[in-house]
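Q: Here's a sequence, model it:
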Amino acid sequence: MVPLSDRIDLELQVPYDIKDVHARYELPDGTPYDNPEGNLHHRTEKLEGVSDFKLYWNFNVDRWRFSAGVNLPVGRIEEDPFALAALGLNHQHIQFGTGTCDPLARVSRLVHVMEGVDLSFAAGAQLPLVKNRNGYHAPQMIDFAAGPRVRIADWLSVDASYSVLYQSRATWDGDPDPNTGYAIQGFQVAVPIRLGPGILIMPNVYRAFDVNTRGGGDTFKLDWIAGLSLEIPLGGRPTPPVEEHHH
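A: All right, here's what the predicted structure looks like:
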């Protein structure tokens with residue numbers, strides 16, 4: 001985060017993701033099935049790497065924060081997995097980016113309730129406008145979160161939030177990707193810890209309690225998600241953030 005003025009700062013989010021994937025094949029009655037072609041499609045594997053960076057311009061007005069930005073396509077993308085599957089070739093469905101520069105928008109608000117207790121509200125969107133070089137048009141992503149923030153000490157607080165994440169259907173050369181399109185509801189708990197002026201480290205855990213997918217795709221179970229973020233201001237006097245960003 002780089003403060004540009006008392007009310008404006010520039011923020012770059014640099015995520016590194018570890019995706020631990022477990023694949024299991026079974027017959028309609030639940031009997032395990034040793035799929036001889038399973039490794040072509042879904043495999044038990046661990047994938048890791050940088051995901052797309054996100055660059056935001058943040059405008060702080062009272063306890064409001066308005067953000068506009070752009071997705072920077074540095075994450076790994078894949079070739080059309082359905083076209084490769086039709087040829088009997090090994091392929092990968094999981095990607096680390098969209099492959100395109102997508103508009104980003106966020107708005108958040110902090111409401112003071114009582115001494116040491118605030119309520120935070122946040123909503124955001126990522127709206128891919130074009131398909132990437134492999135013919136993939138990434139889905140729209142819209143999120144909302146709300147919950148209390150309790151300050152335990154000047155350097156320590158606890159955030160709890162209810163969140164909704166909506167994803168539209170992606171396409172490969174105009175054909176719908178059946179593994180996309182969902183609405184997820186979940187709870188997140190984060191513990192922001194201030195290590196110094198403007199320096200914030202935040203471990204967090206997320207648990208989904210409802211996953212609503214569109215029919216036709218592979219069934220999946222969303223497990224616990226753990227994250228760790230670090231905020232460092234570069235130069236100037238940092239503006240206290242309205243919202244610690246949840247991943």
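
Q: Which helix or strand contains N39?
A: Per DSSP states H and E, N39 falls inside helix 38-41.

Q: Please name the strands paired to the next helix or strand along the chain from that helix in the sheet, noting orientation.
A: Following helix 38-41 in sequence order, the next helix or strand is strand 45-50 (DSSP H and E). Strand 45-50 has its sheet partners listed here by DSSP bridges as strand 16-21 (antiparallel).

Q: Contacts for the partner strand next, please.
A: Residues outside strand 16-21 that contact it (Cβ atoms under 8 Å, 6 or more residues apart in numbering) are H42, R43, T44, E45, K46, L47, E48, G49, V50, S51, I94, F96. (Each C-beta comes from the backbone N, C-alpha and C, glycine too.)

Q: List buried residues within those.
A: The neighbour-count test (16 or more other Cβ atoms under 10 Å) applied to these identifies H42, S51, F96 as buried.

Q: Go through the chain and flag its longest strand.
A: Determined from DSSP state E, the single longest strand within the chain is strand 199-213.

Q: Centre of the chain to that one, how far?
A: Averaging C-alpha positions (Cα atoms, centre = their mean, to the nearest Å) puts strand 199-213 9 Å from its chain's average.

Q: Then stretch 75-83?
A: Centroid separation for stretch 75-83 versus its chain: 19 Å, with Cα atoms, centre = their mean.

Q: avg pLDDT for that stretch?
A: Mean per-residue pLDDT for stretch 75-83: 94.

Q: For it, buried residues please.
A: Buried residues in stretch 75-83 (16+ other Cβ under 10 Å): G75, I77, E78, D80, P81.

Q: Just give the strands next to the one helix or strand V150 maps to in its sheet, each with its orientation.
A: Applying DSSP H and E as the criterion places V150 in strand 141-153. Partner strands for strand 141-153, per DSSP bridges, with pairing direction: strand 117-126 (antiparallel), strand 156-167 (antiparallel).
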